[in-house]
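*Asks:* this one's sequence-less:
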């Protein structure tokens, strides 16, 4: 069974990848519809950038950005609200979202009260400071332990559907990110469904860069697909991506190959 593909809809002027192309409400809705047509299983809608160094957005501004987009797209596909603010999460759930993507690990009670699902993510620090010399004694153990606690606490509050996200790129060096990718099978084996978000992130640009420096975000598709395939092979339940169509195609091939009897040809339909 292939992972679910979560398409990213950033209703922000300062996204690290799309650079604010979908900041306008109608542009964001049109982008969401396009991602649905490309095969997205759900959409993650956010109104506050979490790129390194990003500044906080006032609550009312975040609501202004996301609510019309949630309202329009939740009629077509499952919608996740990507926020750290309880009021924004509650309002988005009222407008049709059914999953809270919570980078702060503070919104379990909010999700429980609405009967919604929850993503708990590991982040060291905040977007403003998370990439300033992040350090761990053992990044894999520390991330796994924190996610286990967050998931356990969420279930205790009454959240039935909990995904754990190791937070690739959130308060981690390139070495930390690669260590967490290598350790994905052990996180999957811990029992909670795992969400992986590596799409277009900086460590990919660094690893694949050359003497001219790191690759910019618009040249990181191949690396993003490689990490998506790796995550799928490790048992990830969901992939958060900017590039829905290529990821869906890659997951179809991975799924067909995995389900084909050894030695038998794989039949791929158009």
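*Replies:* That came in fine, so what should we check first? Predicted model only: the values in this text are computed from it and were never measured. Residues are numbered from 1 along each chain as shown.
*Asks:* Who are the contact partners of the nearest residue to residue 109 once chain neighbours are set aside?
*Replies:* Nearest residue to residue 109 in three dimensions, chain neighbours excluded: residue 157, at 5.4 Å (Cβ to Cβ, 6 or more residues apart in numbering). In short, each C-beta sits where N, CA and C put it, glycine included. Residues counted as contacts of residue 157 (Cβ atoms under 8 Å, 6 or more residues apart in numbering) are 108, 109, 112.
*Asks:* By neighbour count, which of those wins?
*Replies:* Each of the contacts of residue 157 was scored by neighbour count (other Cβ atoms under 10 Å); the top score is that of residue 108, with 22 neighbours.
*Asks:* what is the spatially most central residue of the chain paired to in the beta sheet?
*Replies:* In the chain, the centroid-proximal residue (Cα atoms, centre = their mean) is residue 240; its distance is 3.6 Å. Taking DSSP bridges, one obtains residue 6 as the residues bridged to residue 240.
*Asks:* give the contact list for it.
*Replies:* Under the criterion of Cβ under 8 Å, 6+ apart, the neighbours of residue 240 are 6, 8, 44, 165, 195, 196, 197, 199.
*Asks:* now it: how far from residue 86?
*Replies:* Residue 240 sits at a distance of 22 Å from residue 86 (criterion: Cβ to Cβ, to the nearest Å).
*Asks:* Pretty sure residue 55 sits in a helix.
*Replies:* No: applying DSSP: H, G, I helix; E, B strand; the rest coil, one finds residue 55 to be coil, outside a helix.
*Asks:* Kindly list the longest helix within the protein.
*Replies:* Longest helix in the chain by number of residues, with DSSP state H as the criterion: helix 139-157.
*Asks:* Would you mark the buried spots in that one?
*Replies:* Applying a neighbour-count criterion of 16 or more other Cβ atoms under 10 Å, one finds 139, 140, 143, 144, 146, 147, 148, 150, 151, 154, 155 buried in helix 139-157.
*Asks:* got the contact list for residue 136?
*Replies:* If you count contacts by Cβ under 8 Å, 6+ apart, residue 136 has them with 124, 142, 176.
*Asks:* if we go to 7 Å?
*Replies:* 142, 176 (Cβ atoms under 7 Å, 6 or more residues apart in numbering).
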